[in-house]
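Asks: Okay, here's the prediction I keep looking at, along with the sequence it came from:
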Amino acid sequence: MKNIVLLGCTGSIGTQTLEVVEKLKDKFRIIALAAGKNIKLLKEQIIKFKPKYVSVADFDDMKLLEKEFSKIKFFCGEDGLYEFANIPETDIFVVATNGIVSVKATIKAIENKKTIALANKETLVMAGDIVMKKAKENNVSIIPIDSEHSAILQCLNKQDNPYAKNLWITASGGPFLNNTREEMAKFSAKEALKHPRWMMGKKITIDCATLVNKGLEVIEAHHLYNFNYDNIKVVIHPQSIVHSFVEFCDGSFLAQMGVPSMHIPIQYALSYPERFEGIKTNSFNIYNKKLEFFEPDFEKFPLLKLTIDCGKKGGLMPAILNAANEVAVYKFLNNEINFLDIEKIIFSEVKNAKNILNPTLDEIFDIDKKIRKELL
């Protein structure tokens, strides 16, 4: 029985993680839940999973919950997440939050030698060099929850396979794959949120529409698997059946395939390196299945190239791009800008930015705060 701390329990990945745990309750136990402001759902989760520790975003919510659940130890805010990293009985520290709120807590959990199951992109995009150095120093495994990175891990069989030559990360192409840029400029947030394959949170769904998400995954893969950027490729695969390939030095390719379901990579992250029969996902019919693969169109989706370029430059550039993208996406979701304005905002911030190589964590957080303040 492994004890799980779950950050982001009311979000898309968090709720699916709990579904996996419920199915495998003889193998996993939830000991801590951290949520934002969805208190109604959190209460339901508390009743079902009976955690020992709970953290919420707001102090007032914490005080109300303390009255209702007197046997639970409560925390709030970023300090609460940080305290979760110090829970001694933790076996797996699942990071399913959005944004930078959990970065410091994740680093602390690594220092406490806890296995990290990582779904949060900002941790590696903003502070990948720092995080991976800490993981190596503490002999800690960082197991990805992203379907693409899980696929790569499964194909490599181990994170430092010496025979791997190139990583091929698949992308569905998002909802606007077959639209012109003129058409894209007119689409509303409601239309951009209609992803053809995956059910995800709003922010990541818009990132899939711009293909920023795929660029961020390239940065993550660089850190997770210590691959040069020139050896990490993006391929458009509309069916989302192949989740990634690994190309080996002898010319062979290995692919991980499956239906578009996050339950599979979540469960693999928890069970790694074992496999369990857990949630029954619908298997795809391999007979007469059409699988297509295309080169990405960098002119139509220029943010894909920009994101990868920022990863190559390193230093503060990934954090600058990430902050600008997050603000721009939320402006679009709030109907303040049109879809292609997301590009304009991000390109402008990146163009005017001054880079610092090998930044400290404080410098990364400072530039993130600065960018957000400028754009909000």
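Replies: Nice, I can see it.
Asks: May I have the secondary structure class of V54?
Replies: strand (DSSP: H, G, I helix; E, B strand; the rest coil).
Asks: looking at it, E89 is touching N3, isn't it?
Replies: Yes: applying CB atoms under 8 Å, one finds E89 in contact with N3, separated by 5.2 Å. Every residue, glycine included, has its C-beta placed from N, CA and C.
Asks: if you count what's nearby, which of those two comes out ahead?
Replies: N3 (18 against 10; other CB atoms under 10 Å).
Asks: Just the C-alphas of the helix or strand containing A328, formatted as CSV.
Replies: Per DSSP states H and E: A328 is located in helix 317-333. C-alpha atoms of helix 317-333 as CSV (Å, rounded to 0.1, in the frame of the first residue of the first chain):
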residue,chain,number,x,y,z
MET,A,317,13.4,32.6,-21.6
PRO,A,318,11.1,29.6,-20.9
ALA,A,319,9.7,31.3,-17.8
ILE,A,320,9.1,34.6,-19.7
LEU,A,321,7.3,32.8,-22.5
ASN,A,322,5.3,30.7,-20.0
ALA,A,323,4.1,33.8,-18.0
ALA,A,324,3.2,35.7,-21.2
ASN,A,325,1.3,32.7,-22.6
GLU,A,326,-0.7,32.2,-19.4
VAL,A,327,-1.8,35.8,-19.2
ALA,A,328,-2.6,35.9,-22.9
VAL,A,329,-4.6,32.7,-22.7
TYR,A,330,-6.7,33.9,-19.8
LYS,A,331,-7.3,37.2,-21.6
PHE,A,332,-8.6,35.2,-24.6
LEU,A,333,-10.8,33.0,-22.4
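Asks: Let the chain start at 16 from now.
Replies: Understood, numbering begins at 16; the last thing we discussed is helix 332-348.
Asks: What average pLDDT does it get?
Replies: Averaged over helix 332-348, pLDDT sits at 97.
Asks: and that helix, what does it pack onto?
Replies: Contact here means 3 or more CB pairs under 8 Å, 6 or more residues apart in numbering; DSSP states H and E; on that basis helix 332-348 packs against helix 137-152, helix 204-207, helix 217-225, helix 227-240, helix 317-328, helix 356-367, helix 376-390.
Asks: Please state the offset of it from the chain centre?
Replies: Here helix 332-348 is found 15 Å from its chain centre; the criterion is CA atoms, centre = their mean, to the nearest Å.
Asks: for stretch 328-348, same thing?
Replies: Using CA atoms, centre = their mean, the offset of stretch 328-348 from its chain centre is 15 Å.
Asks: Can you list the buried residues in stretch 93-105?
Replies: 93, 95-100, 102, 105 (16 or more other CB atoms under 10 Å).
Asks: ugh, typo on my part, it should be stretch 357-366
Replies: Neighbour-count burial for stretch 357-366 [16+ other CB under 10 Å]: 357-358, 360-361, 364-365.
Asks: Which of the residues you listed sits closest to F242?
Replies: V365 (23.0 Å; CB to CB).
Asks: Make sure that closest one is actually in contact with P333.
Replies: No: under the criterion of CB under 8 Å, V365 is not in contact with P333, lying 10.2 Å apart.
Asks: Please enumerate the shared neighbours of the two.
Replies: C325 (CB atoms under 8 Å, 6 or more residues apart in numbering).
Asks: Within the sheet, what are the partner strands of whatever helix or strand V20 lives in, with directions?
Replies: Assigned by DSSP H and E, V20 belongs to strand 17-22. When pairing is defined by DSSP bridges, strand 17-22 lines up against strand 43-49 (parallel), strand 107-110 (parallel).
Asks: contact partners of that strand?
Replies: 29, 32-33, 36, 42-49, 68, 96, 99, 102, 104-112, 117, 120, 124, 129, 135, 285.
Asks: re the thing from before, and the strands paired with strand 17-22, which is most packed in?
Replies: strand 107-110 (a mean of 26; mean count of other CB atoms under 10 Å).
Asks: any chance of the helices and strands packed on helix 332-348 in a markdown table, with mean pLDDT and distance to K305 too?
Replies: Converted to a markdown table, the helices and strands packed on helix 332-348 look like this (pLDDT from 0 to 100; distance: least, CB to CB, whole Å):
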| stretch | mean pLDDT | distance to K305 |
| --- | --- | --- |
| helix 137-152 | 97 | 33 |
| helix 204-207 | 92 | 25 |
| helix 217-225 | 93 | 21 |
| helix 227-240 | 97 | 22 |
| helix 317-328 | 98 | 24 |
| helix 356-367 | 97 | 31 |
| helix 376-390 | 96 | 42 |
